[in-house]
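A structural model of the following input is requested.
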Amino acid sequence: MAARIQVPTNAKTGDVIEIRVLIQHPMETGYRVDDTGRNIPRNTIRSFACTYNGQEIFRADLSSGVSANPYLQFTTIAQGSGIIECTWIDDTGKRESEQHPIQVLG
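Purely as a prediction, here's the structure:
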């Protein structure tokens, strides 16, 4: 799976910035059946966390009530240039992550 992370292109130290994350994940509830009539196993994202230069800035526990390809949006304070990293774990135990650089000016 993959994710698209959007951060502002121009931020100044101390600015409130918005981070948007779109994760490509089917978020199967376990209630649907395939073409042969067998249940499709439950597979939803259980936890999501975002760090800014290694420091956690956002965490969420998700459930089967979240639609496929979940979209998350949150804010933080621009503290300096670095890396925004988003990590999520699904029901199968698969851990995925994506990184995006952020440029912060004085």
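
So what are the sheet partners of the helix or strand I19 falls within and their directions?
Per DSSP states H and E: I19 is located in strand 16-23. Here strand 16-23 is paired, per DSSP bridges, with strand 3-6 (antiparallel), strand 71-77 (antiparallel).

So for G14, which of the ones you listed sits nearest?
strand 71-77 (6.4 Å; C-beta to C-beta). Placement of C-beta: from N, CA and C, glycine included.

Now that closest one - C-alpha only, PDB.
Backbone C-alpha positions of strand 71-77 (Å, rounded to 0.1, in the frame of the first residue of the first chain) are rendered in PDB as follows:
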ATOM      1  CA  TYR A  71      -8.000  10.400   4.500                       C
ATOM      2  CA  LEU A  72      -6.600  12.000   7.600                       C
ATOM      3  CA  GLN A  73      -6.000  15.700   8.200                       C
ATOM      4  CA  PHE A  74      -4.400  17.400  11.200                       C
ATOM      5  CA  THR A  75      -2.300  20.400  12.200                       C
ATOM      6  CA  THR A  76       1.000  20.900  13.900                       C
ATOM      7  CA  ILE A  77       3.400  23.800  14.500                       C
END
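
What helices and strands are in contact with the helix or strand following that strand?
Downstream of strand 71-77, the next assigned helix or strand under DSSP H and E is strand 82-90. Packed against strand 82-90 by the contact rule (3 or more C-beta pairs under 8 Å, 6 or more residues apart in numbering; DSSP states H and E) you find strand 3-6, strand 16-23, strand 45-52, strand 95-102.

I appreciate the help and will end here.
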